[in-house]
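1. Everything below, folded, please.
(2 chains)
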Protein chains: 2
Amino acid sequence: MSGIVKKESFKTERLVIIGLGLIGGSLACALQKARAEGRVSITTIVGCNRSLEGLKSAQKNGLIDEFNTNAAEAVKDADIVILGVPVLSIRPTLELIRDHLKPGAIVSDVGSVKQPVVDDMRELLSDANVHCVPAHPIAGSEQSGVTAAQVDLFNNRKVILAPINGSSPESIEQIDLMWRATGAELFQMDVSEHDRVLAATSHLPHLLAFSLVDTLANQDQGWDVFKYAAGGFRDFSRIAASDPQMWHDIFLSNRDAVVEALDLFSSDLAKLRQNLLDEDGESMIEVFKRAKAARDHFAQQFQKTGSDVE
Amino acid sequence: MSGIVKKESFKTERLVIIGLGLIGGSLACALQKARAEGRVSITTIVGCNRSLEGLKSAQKNGLIDEFNTNAAEAVKDADIVILGVPVLSIRPTLELIRDHLKPGAIVSDVGSVKQPVVDDMRELLSDANVHCVPAHPIAGSEQSGVTAAQVDLFNNRKVILAPINGSSPESIEQIDLMWRATGAELFQMDVSEHDRVLAATSHLPHLLAFSLVDTLANQDQGWDVFKYAAGGFRDFSRIAASDPQMWHDIFLSNRDAVVEALDLFSSDLAKLRQNLLDEDGESMIEVFKRAKAARDHFAQQFQKTGSDVE
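-> Sure thing, here's the model as predicted:
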């Protein structure tokens, strides 16, 4: 886990983004801006999606220079390939493109879970004479799709690189420089630590928010229960509006770490429930005070880095 | 449960707010503004707190006209007394003031739980020749104290009135008009329904947020776990920074409804955990889709009413 400081600027010829959703689209947008400002040199930014509609609008809006709906064709002359697809689509995408990659190309991704991506890249690309640099930009929103793309989505956000043994330093530096051009702060992190930490601070909260909102909505009064809900509930539940398919993929890909975090949470919650039943206010207030202190600390740190959406 | 539409403006002579925290202070502030704009007629707004410091600064900032640290003295000539104290302090405050209230005075509160307040008012004030109008402004923030007071805290927020049998229509109308002057939307609601709905949409989320943040902070890496947390976690956990004492009071006062909501949540969460263990992605995605639809509906409704903090 260490910050990386680099001075050079990002240069490449053909950059292909497969899966032009919120993350891929925002990356394309931020790189176009960096290019317009002369901060990076990219000859061509190519978008690849199964749906033609999103690609056409992305090109019209200046996010991409070219597009292709066929991943195998799209990667043919690519120097860098970024997989912007949901986590469970990474493996089938690698299978599609593995025989069509240019020797020496760099393959990276944006998946929120890293172990299965690292495993798949190791297994499927070991003979492909390419460089793999798994990555995770810790940024996003409950919005999804290329139409939700934001030029500053990664500004002051953290991007974690999880290089595979044998990834060349040059390929790591390239991906590092690319993300740095979007305004992101770069870190390297152990793969299993990444997946455990993200299970706790991102995946579990999403699971709880989805679950609570569904529980409430299924009560007798239905959606009317939300009529008297206020800003606390709004913020708590915002992530329950996130993309169901994407989160389905994340939970299944990081199952063990998510269940472990969930069980720890449930065990502490059961104690708090017992405190409440016992009217043990002192123990309850201890929990609330510790939580408030930790959350106040987090808010301070967070404000400093300026991140504001995930 | 019904909206109330009134045309008259709020008029009173001596309004006393006991417990000048975020809610009491914001009420004073909003009423001062309404008075300055000629929308209400109040001769004197009095603040009452145990701490002299907050009262002095509130007076200096124009929130209150007078102050008194003694509740029994403060209420002596009051036409309206608003209890802004935490829920469990309402009963001892009623005991302090009951023998000093002016005949015909109106006593109201701002507590987030209504059944115990209704019970206490019924029991302690039945011989006092006053009018009781329990109330709950569904507004607030994770900030607390009079220094966090906001003039527009109640603007477009909902205020629930839970009148006691025998509360005079005039007293209900007075409290209704007072809150309306702050920009709030007024409703009447059955007391037990109020406590059940708020348990689900406000109290339970606060309990979960406190509990999760404490669980995470107590792991091996301590507060470092939050280093890679992003905007989703920030919003989900905002309410964990709320006032521990205030929430201690709310949970203990609404214990049964909170435990009931918690058990329903935990039971559904256990099913989702089993789906995850079984890799039953289809059931998971059904939950996520239903939750997203409900949350999207809520966000739309919420945006319309303009509320933004609780």
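2. Need phi/psi at residue A:288.
-> phi -60, psi -40 (degrees, to the nearest 10).
3. State the distance from it to chain B.
-> 4 Å (CB to the nearest CB, to the nearest Å). C-beta here means a position set from N, CA and C on the backbone, and glycine is covered the same way.
4. For burial, what's the neighbour tally of that residue?
-> Other residues near residue A:288 come to 28 when the count uses other CB atoms under 10 Å in any protein chain shown.
5. which residues touch it?
-> Residue A:288 makes contacts with B:210, B:214, B:242, B:244, B:247, B:248, as judged by CB atoms under 8 Å, 6 or more residues apart in numbering or on different chains.
6. What about chain A: which of those touch it?
-> Among the contacts of residue A:288, the ones lying close to chain A by the criterion of CB under 8 Å from any CB of the partner chain are B:210, B:214, B:242, B:244, B:247, B:248.
7. For the residues you listed, give me JSON lines that also has pLDDT.
-> Shown next, in JSON lines, are the ones next to chain A among the contacts of residue A:288 (pLDDT from 0 to 100):
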{"residue": "B:210", "pLDDT": "97"}
{"residue": "B:214", "pLDDT": "97"}
{"residue": "B:242", "pLDDT": "94"}
{"residue": "B:244", "pLDDT": "96"}
{"residue": "B:247", "pLDDT": "96"}
{"residue": "B:248", "pLDDT": "97"}
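8. Of all the residues in the stretch 1-150 of chain A, which one is nearest chain B?
-> residue A:138 (4.9 Å; CB to the nearest CB).
9. Could you tell me the per-residue confidence at that residue?
-> The model reports residue A:138 with a pLDDT of 95.
10. Not counting its neighbours along the chain, what's nearest residue A:48?
-> residue A:74 (4.0 Å; CB to CB, 6 or more residues apart in numbering or on different chains).
11. would you list every one of the strands in the stretch 151-300 of chain A?
-> A:158-161, A:185-188 (DSSP state E, counting those that start in this stretch).
12. what packs against the last one?
-> If I follow you right, that is strand A:185-188. Here strand A:185-188 touches strand A:2-3, strand A:158-161, helix A:169-180, going by 3 or more CB pairs under 8 Å, 6 or more residues apart in numbering or on different chains; DSSP states H and E.
13. sorry, back to before: by neighbours, which of the contacts of residue A:288 wins?
-> residue B:210 (28 neighbours).
14. In this structure it contacts residue B:240, no?
-> Yes. Using CB atoms under 8 Å, residue B:210 makes contact with residue B:240 at a distance of 5.0 Å.
15. Mutual contacts of these two, please.
-> With CB under 8 Å, 6+ apart as the test, residue B:210 and residue B:240 both reach A:291, A:292.
16. quick revisit: what's opposite the residue of the stretch 1-150 of chain A closest to chain B in the beta bridge?
-> Residue A:138 has these beta-bridge partners by DSSP bridges: residue A:158.
17. before we move on, back to that, distance of the residue nearest to residue A:48 from residue A:88?
-> 20 Å (CB to CB, to the nearest Å).
18. for residue A:77, same thing?
-> 28 Å.
19. which of the strands of the stretch 151-300 of chain A sits most buried?
-> strand A:158-161 (a mean of 22; mean count of other CB atoms under 10 Å in any protein chain shown).
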